[in-house]
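**Q** Starting from these lines, generate the structure:
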Amino acid sequence: MATGVIGKEPEQRGYKSQNFREITPDYIFGGVKPGFIEMIIVTTKANAFEKVVNNRDVFEHTEEASLKIAPLQAKSLITWLLQNIKLYETTYGQIKNVETDATKQVINKKVEDLLATL
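**A** Okay, here's the model as predicted:
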């Protein structure tokens, strides 16, 4: 049970986890599960050893993390991402899409339309 003065906001503190690390994803995939939306963060790197020793191009894909987001948080994430994409494009110029897949082109157009409304 909470204690303290009624009407007074509790003190808030934040800490960085010992497991914290920065990840720059190469792609994200996942889907809808009961009660949450899952995003799996994947990075890709070239295997220098295989190239130098065996003269083979080998790319390694590593699942770095899985984010399980409640639907309400997912909607908040979309809003936050759109606002920051708009800020990024205002600062650094429009992000160019190079998708050749027709379905992805339609989705990218919808994102661009959403950005235009901000």
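**Q** for the least confident helix or strand in the chain by mean pLDDT, packing partners?
**A** Using mean pLDDT, DSSP states H and E, the weakest-scoring helix or strand in the chain turns out to be helix 102-116, at a mean of 77. Counting by 3 or more C-beta pairs under 8 Å, 6 or more residues apart in numbering; DSSP states H and E, the packing neighbours recorded for helix 102-116 are helix 71-92. In this view, the C-beta of every residue, glycine as well, is placed from N, C-alpha and C.
**Q** who's in contact with the helix it packs on?
**A** 36-37, 69, 95, 111, 114-115, 118 (C-beta atoms under 8 Å, 6 or more residues apart in numbering).
**Q** Break the chain down into its domains, please.
**A** 21-69, 71-118 (automatic domain parsing).
**Q** Please list all residues in contact with the nearest residue to residue 104 once chain neighbours are set aside.
**A** Using C-beta to C-beta, 6 or more residues apart in numbering and skipping residues adjacent in sequence, the residue nearest residue 104 is residue 97, 8.0 Å away. By C-beta under 8 Å, 6+ apart, the residues touching residue 97 are 104-105, 108.
**Q** 10 Å instead, please
**A** Listed by C-beta atoms under 10 Å, 6 or more residues apart in numbering, the contact set of residue 97 reads 104-105, 107-109, 111-112.
**Q** go on, residue 28?
**A** 39-42, 65, 67.
**Q** before we move on, back to that, alpha carbons of the least confident helix or strand of the chain, as PDB, please.
**A** Extracted in PDB, the C-alpha atoms of helix 102-116 (Å, rounded to 0.1, in the frame of the first residue of the first chain):
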ATOM      1  CA  ALA A 102       4.700  -2.500 -55.000                       C
ATOM      2  CA  THR A 103       3.100  -3.300 -51.600                       C
ATOM      3  CA  LYS A 104       6.000  -1.600 -49.800                       C
ATOM      4  CA  GLN A 105       5.700   1.400 -52.100                       C
ATOM      5  CA  VAL A 106       2.000   1.800 -51.100                       C
ATOM      6  CA  ILE A 107       2.900   1.500 -47.400                       C
ATOM      7  CA  ASN A 108       5.700   4.100 -47.800                       C
ATOM      8  CA  LYS A 109       3.300   6.400 -49.600                       C
ATOM      9  CA  LYS A 110       0.900   6.200 -46.600                       C
ATOM     10  CA  VAL A 111       3.800   7.000 -44.200                       C
ATOM     11  CA  GLU A 112       4.700  10.000 -46.400                       C
ATOM     12  CA  ASP A 113       1.000  11.100 -46.300                       C
ATOM     13  CA  LEU A 114       0.900  10.800 -42.500                       C
ATOM     14  CA  LEU A 115       4.100  12.900 -42.200                       C
ATOM     15  CA  ALA A 116       2.600  15.600 -44.400                       C
END
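**Q** That'll do, ta.
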